[in-house]
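> here are the coordinates; sequence isn't available:
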C-alpha cells in the first residue's frame, strides 16, 4: 500500500510520506514548489529511472550518465495529452547501449507502476467525511 498525506500549511501545501520526505506543492506562478502536474511527470520519470538503473547495472553495464526529461502539454484545461519520456544517457559501449535500450523499453511497458496505471486508466475514488 502506498500513501501520502497532502495538507495546507501556513506556507502553502505540502505532501509528506511515512518516511518523513516532504514535497512542497503550489501553482505554476510560485517559486520553489512543484505543481501537481509536475509531480505526476516526476512520478513517471522517477518510476522509470529508478527501475532502469539497477536492472542495467545488474546486467554489467553502469551508464556514465542517466537522466531524462518528462513532458506533456495540456490538451484541455484539465487534461494532459501524451506524456513523452526522453532519456539523456551516455553509455560506455555499444553493448551497454543495447542492454539499456532493451531494459528501458521493458520497464516502461511492463514494470513502471505509474506509467502502467496512467496507460490503463486506474480508477480514482473520492471518500468524503
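Right, received. Where do you want to start? Note that the structure is predicted; figures quoted are calculated from it, not measured.
> for residue 75, see how far away residue 51 is.
Going from residue 51 to residue 75 by CB to CB, to the nearest Å gives 28 Å. All C-beta spots, glycine's among them, are computed from the backbone N, C-alpha and C.
> more neighbours, the two?
residue 51 (18 against 10; other CB atoms under 10 Å).
> model confidence at the more buried one, what's the number?
pLDDT for residue 51: 95.
> so which helix or strand takes in it?
helix 36-58 (DSSP states H and E).
> what about stretch 27-38, start to end distance?
End-to-end span of stretch 27-38 (CA to CA, to the nearest Å): 10 Å.
> could you do stretch 115-124 as well?
Start-to-end span of stretch 115-124 (CA to CA) is 15 Å.
> for it, buried residues please.
Neighbour-count burial for stretch 115-124, with 16 or more other CB atoms under 10 Å as criterion, is recorded at residue 115.
> I'd like the average pLDDT over that stretch.
Rounded mean pLDDT across stretch 115-124 is 94.
> wait, isn't residue 92 in contact with residue 60?
No. Assessed by CB atoms under 8 Å, residue 92 is found out of contact with residue 60, at 10.4 Å.
> which parts of stretch 48-60 are buried?
48-49, 51-53, 55-56.
> what about the helices in the protein?
36-58, 94-106, 113-120 (DSSP state H).
> hmm, back to that, what's the helix holding residue 51 packed up against?
Packing contacts for helix 36-58, counted by 3 or more CB pairs under 8 Å, 6 or more residues apart in numbering; DSSP states H and E, involve strand 22-25, strand 65-71, strand 84-90, helix 94-106, helix 113-120.
> and with 10 Å instead?
Counting contacts by 3 or more CB pairs under 10 Å, 6 or more residues apart in numbering; DSSP states H and E, helix 36-58 packs against strand 12-16, strand 22-25, strand 65-71, strand 79-80, strand 84-90, helix 94-106, helix 113-120.
> tell me which residues in the fifth one are buried?
Buried residues in strand 84-90, defined by neighbour count with 16+ other CB under 10 Å: 85, 87, 89.
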